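Engineer: Below are the sequence and a predicted model for it; my questions follow.
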Amino acid sequence: MEVKTVIGDTAYSERDNITYSSSNDIELVAKLNPLITQRARKREDEFQFNKDAGMYVCKAGHLAVRKARQGKKGVGNNQTDTYYFDVETCKRCPLKEGCYTEGAKSKTYSVSIKSTEHTEQMEFQESEYFREKAKERYKIEAKNSELKHRHGYDVASSSGLVGMELQGAMAIFTVNVKRILKLMK
């Protein structure tokens, strides 16, 4: 069987799956996790990026003093750019409450760098083709629900891999026979 398209939920859109599908000419129709696309920031409005300096500025107007890249490229999680602020300035800042922890040796702000795989998947996710394919997912979920709730595929009725394979084959066979009979009417 030659697979051209895989339709799944956000669990399918991890980086390894994106890499595998793109290297094997398979379309992966799975939305990226919102943490990747929208970044879960609690203090998003407290730090602004200054394009001229290439650094972040805190809400009190203090510019980061240096920037460092964390993590290795292409290994594990996405890399992050970490921006370091002057601790002595933070100690005297009138807005330090909730921003600077007394006695801390450093004050940082980190921004995750999206991998090329995630960037490409984000662009694909915005396409009309992706939206049309993603609309077909409910059909798959409905069939899975029928297998689990009406045909007992949610709990193993016997032990071992062979028993589970047999149970799966019988449940799927039953659903297919029902579908064939319905189409014949």
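Structural biologist: Looks like it came in fine.
Engineer: And residue 52, how close does it get to residue 131?
Structural biologist: Distance, residue 52 to residue 131, by Cβ to Cβ, to the nearest Å: 38 Å. For glycine as for every other residue, the C-beta is placed from the backbone atoms N, C-alpha and C.
Engineer: Those two: who's more crowded?
Structural biologist: Legend: neighbour count by other Cβ atoms under 10 Å for residue 52 and residue 131, higher for residue 131 (11 against 5).
Engineer: What strand or helix carries that one?
Structural biologist: Using DSSP states H and E, residue 131 falls within helix 128-134.
Engineer: Name the residues linked to residue 5 by a beta bridge.
Structural biologist: residue 27 (DSSP bridges).
Engineer: Which residue ranges make up each domain of the chain?
Structural biologist: With domains defined by automatic domain parsing, the chain comprises 5-131, 138-184.
Engineer: Check the nearest residue to residue 164 once chain neighbours are set aside and give its pLDDT.
Structural biologist: Spatially, and ignoring its direct neighbours in sequence, residue 164 is nearest to residue 156 (5.4 Å; Cβ to Cβ, 6 or more residues apart in numbering). pLDDT, residue 156: 88.
Engineer: for residue 156, helix, strand, or coil?
Structural biologist: Following DSSP: H, G, I helix; E, B strand; the rest coil, the label given to residue 156 is coil.
Engineer: Now for it: which residues touch it?
Structural biologist: By Cβ atoms under 8 Å, 6 or more residues apart in numbering, the contact list for residue 156 reads 163-164, 167.
Engineer: what about burial for these, which qualify?
Structural biologist: Among the contacts of residue 156, the ones that count as buried by 16 or more other Cβ atoms under 10 Å are residue 167.
Engineer: Relative to residue 139, which of the contacts of residue 156 is nearest.
Structural biologist: residue 167 (22.8 Å; Cβ to Cβ).
Engineer: tell me which element the closest one is part of?
Structural biologist: Applying DSSP H and E, one finds residue 167 within helix 161-184.
Engineer: Show me what that helix is in contact with.
Structural biologist: Applying Cβ under 8 Å, 6+ apart, the external contacts of helix 161-184 come out as 143, 146-147, 151-153, 156-158.
Engineer: Could you do stretch 81-94 as well?
Structural biologist: Contacts of stretch 81-94 (Cβ under 8 Å, 6+ apart): 47, 55-56, 58, 60, 62, 64-70, 96, 99-100, 104-111, 113.
Engineer: again, only using 7 Å
Structural biologist: Contact partners of stretch 81-94, identified using Cβ atoms under 7 Å, 6 or more residues apart in numbering, comprise 55-56, 58, 60, 62, 64-70, 96, 100, 104-111, 113.
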